[in-house]
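S.K.: next come a sequence and a model predicted from it.
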Amino acid sequence: MSVIEKAEPMSAGEPAKALWISTAAFTLCFAVWTIFAIIGIRIKQDLGLNEAEFGLLVGTPVLTGSLVRIVLGIWTERYGGRLVYTITMLAAALATFLLSYAQTYTQMLIAGLGVGLAGGSFAVGVAYVSPFFPAEKQGTALGIFGAGNVGAAVTKFAAPFVLLAWGWQAVAEIWAVCLALMAIVFWFTTSDDPAFRLRRKRGVASKSLAQEFAPLQNVQVWRFSLYYFFAFGGFVALSLWLPRYLVGVYGFNLETAGMVAACYSIPGSIFRAFGGVLSDKKGARSVMYAMLAVSAVATLILALPAATITPVIFIVVIFVLGFFMSLGKAAVYKHIPAYYPESVGAVGGIVGMMGGLGGFILPIAFGLLKDMTGLWSSCFLLLFAIVVASLIWMHLSVKQLSRQGHSAPVAAT
């Protein structure tokens, strides 16, 4: 029996309302989470940072947003997504506002840890939204919710103009106020998810931490995590790194680089919903195979010396990569409620955490590789290695399951 079948009855429009308001909230959270992709470039100039220091600066919010995901996912199942989501947004808004008063590199890193709370909202949203929908529609629902990644594009489109007009501090303050207002709207327009309402009505005791973390002993969870490390972590890393890459390689100005990076983020976000639909109809495994295969080809092309790739070719290939990454992000999360319907918070939290860590680790690695090799395209060689490892592990695991005669849940095959 699915989670939705065991949950409290809902009004006709309640699932759609929860989904769309949660998606709007996640869009603003993601806009805040990636704020350093634009203001970090000006901060780099002001403080004279090297590439590795810049990578750490843009990656610090991603670190917090990654590490808190598993905790927030579990708290969502215990205390309800409505409460946890609202508190998370308010805390992130406060940290982002205080960022505008930071003056030293250390202060900005500390503020960045608080800004990163916005990224933890993904685990809350997944655990909150999924109980509103039956298994055969969860891929589509979570794909739509995940399309809130388009918040990165919002930042890249708007932040450069605000920065040039009033300074990077104004960007932080305006984004913080918008997120705080969204938190208030979310609290007064949503209700607790049906599964949480049922647990509260029946007085069901919360699972122990050992029970919450039990599924994490399954190596399959870590395989899903590697997929998400590339599909989501790679997407976030490129969203943060691309403006700097375009400025450094092709000499774009900041406004143009931000616009191109925003255009990369849009299909890489919106088409996540399409990935959810495909995963519902064709199976998440088939979508994953396609995503990894195309991504391997794309990253191999981009790993060629930067001087051999024209700006037009680069932009076309990076858009193709972003599109297939978006499909993969949806496919990974289609697996989770299919295989672990009673542990969506914990499993979704750990997978999201590993994906977020990819968004933290990879920009730093990109900067270090650039400093060590002098090659801008070295970042894509690293991504190529990750996607090939993921593809090999997935194929070997599928073959092993076939030999053992194990069948996957219908929704994930």
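M.R.: Now that the structure is in, tell me what you want to look at.
S.K.: any low-confidence regions in this protein?
M.R.: For the chain, the stretches with pLDDT under 70 are 1-12, 203-213, 215, 267-269, 341-345, 404-413.
S.K.: what's the distance between the nearest residue to residue 42 once chain neighbours are set aside and residue 97?
M.R.: Leaving aside its chain neighbours, residue 42 sits nearest to residue 168 (4.9 Å; criterion: C-beta to C-beta, 6 or more residues apart in numbering). C-beta: built from backbone N, CA, C; applies to glycine. According to C-beta to C-beta, to the nearest Å, residue 168 and residue 97 sit 13 Å apart.
S.K.: and if you look at residue 335?
M.R.: For residue 335 relative to residue 97 (C-beta to C-beta), the value is 37 Å.
S.K.: over to residue 17?
M.R.: In terms of C-beta to C-beta, residue 17 sits 29 Å off from residue 97.
S.K.: so between these two, which is more surrounded?
M.R.: residue 97 (21 against 16; other C-beta atoms under 10 Å).
S.K.: find me whatever residue is spatially closest to that one, sequence neighbours aside.
M.R.: residue 176 (3.8 Å).
S.K.: test my guess that the one you found contacts residue 101.
M.R.: No - assessed by C-beta atoms under 8 Å, residue 176 is found out of contact with residue 101, at 11.4 Å.
S.K.: more neighbours: which of those two?
M.R.: residue 176 (23 against 11).
S.K.: ok, residue 142 - contacts?
M.R.: Counting by C-beta atoms under 8 Å, 6 or more residues apart in numbering, residue 142 touches 126, 129-130, 276, 330, 333-334, 337.
S.K.: and of these, the nearest to residue 186?
M.R.: Residue 186 lies nearest to residue 129 out of the contacts of residue 142, by C-beta to C-beta, at 12.5 Å.
S.K.: how many neighbours does that closest one have?
M.R.: For residue 129, using other C-beta under 10 Å, the count is 24.
S.K.: name the element it belongs to?
M.R.: According to DSSP states H and E, residue 129 maps onto helix 121-129.
S.K.: list the buried ones in whichever helix or strand comes after that helix?
M.R.: Per DSSP H and E, helix 121-129 leads on to helix 135-146 as the next helix or strand towards the C-terminus. Buried positions in helix 135-146, judged by neighbour count with 16 or more other C-beta atoms under 10 Å: 135, 137-146.
S.K.: let's have these in TSV, adding distance to residue 157.
M.R.: Converted to TSV, the buried residues of helix 135-146 look like this (distance: C-beta to C-beta, whole Å):
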residue	distance to residue 157
135	36
137	31
138	31
139	29
140	27
141	26
142	25
143	22
144	21
145	21
146	20
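S.K.: quick one on the thing from earlier: mind giving me the packing neighbours of the helix or strand hosting the residue nearest to residue 97?
M.R.: Element membership of residue 176 [criterion: DSSP H and E] is helix 168-189. Using 3 or more C-beta pairs under 8 Å, 6 or more residues apart in numbering; DSSP states H and E, the elements in contact with helix 168-189 are helix 14-33, helix 36-47, helix 81-99, helix 151-166.
S.K.: what sits up against that helix?
M.R.: With contact meaning C-beta under 8 Å, 6+ apart, helix 168-189 is reached by 17, 21-22, 24-25, 28-29, 31-32, 35, 38-39, 42-43, 82, 85-86, 89-90, 92-94, 96-97, 99-101, 118, 155, 159, 162-163.
S.K.: that one vs helix 14-33, what angle?
M.R.: Relative orientation of helix 168-189 and helix 14-33, computed by axes from the mean of the first three to the mean of the last three C-alpha atoms, to 10 degrees: 160 degrees.
S.K.: following helix 168-189, which helix or strand comes up?
M.R.: That would be, after helix 168-189 and using DSSP H and E, helix 194-202.
S.K.: so what secondary structure elements neighbour the helix or strand in which residue 361 is found?
M.R.: Take DSSP H and E as the rule and residue 361 turns out to sit in helix 344-373. The contact analysis (3+ C-beta pairs under 8 Å, 6+ apart) places helix 344-373 against helix 51-79, helix 121-129, helix 209-213, helix 219-228, helix 234-250, helix 311-339, helix 378-404.
S.K.: pull the distance from that helix to the chain's centre.
M.R.: Centroid separation between helix 344-373 and its chain, computed with C-alpha atoms, centre = their mean, to the nearest Å, is 10 Å.
S.K.: could you pull out the buried residues of it?
M.R.: Neighbour-count burial for helix 344-373 flags 344-370 (criterion: 16+ other C-beta under 10 Å).
S.K.: who's in contact with residue 393?
M.R.: Neighbouring residues of residue 393 by C-beta under 8 Å, 6+ apart: 223, 226.
S.K.: what's the spacing between it and residue 291?
M.R.: 14 Å.
S.K.: what's the burial count for residue 184?
M.R.: Residue 184, neighbours per other C-beta under 10 Å, totals 12.
S.K.: what kind of secondary structure is residue 49 in?
M.R.: Under DSSP: H, G, I helix; E, B strand; the rest coil, residue 49 falls in the coil class.
S.K.: who's in contact with it?
M.R.: Counted by C-beta under 8 Å, 6+ apart, residue 49 has contacts 43, 57, 105.
S.K.: export those to JSON lines and tack on neighbour count and distance to residue 234?
M.R.: Formatted as JSON lines, the contacts of residue 49 follow (neighbours: other C-beta atoms under 10 Å; distance: C-beta to C-beta, whole Å):
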{"residue": "43", "neighbour count": "19", "distance to residue 234": "24"}
{"residue": "57", "neighbour count": "25", "distance to residue 234": "19"}
{"residue": "105", "neighbour count": "17", "distance to residue 234": "26"}
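S.K.: and which of the residues you listed is nearest residue 229?
M.R.: residue 57 (21.1 Å).
S.K.: hmm, the closest one is touching residue 109, no?
M.R.: Yes - using C-beta under 8 Å, residue 57 is in contact with residue 109, at 6.7 Å.
S.K.: any idea which element residue 278 lies in?
M.R.: Per DSSP H and E: residue 278 is located in helix 254-282.
S.K.: does anything pack onto that helix? Which helices or strands?
M.R.: Packed next to helix 254-282, using 3+ C-beta pairs under 8 Å, 6+ apart, are helix 36-47, helix 135-146, helix 151-166, helix 234-250, helix 284-302, helix 311-339.
S.K.: residue 77 is nearest to which of those?
M.R.: From those, taking C-beta to C-beta, the stretch that ends up closest is helix 311-339, at 12.7 Å.
S.K.: buried residues, the closest one. List them.
M.R.: By neighbour count with 16+ other C-beta under 10 Å, helix 311-339 contains the buried residues 314-315, 317-339.
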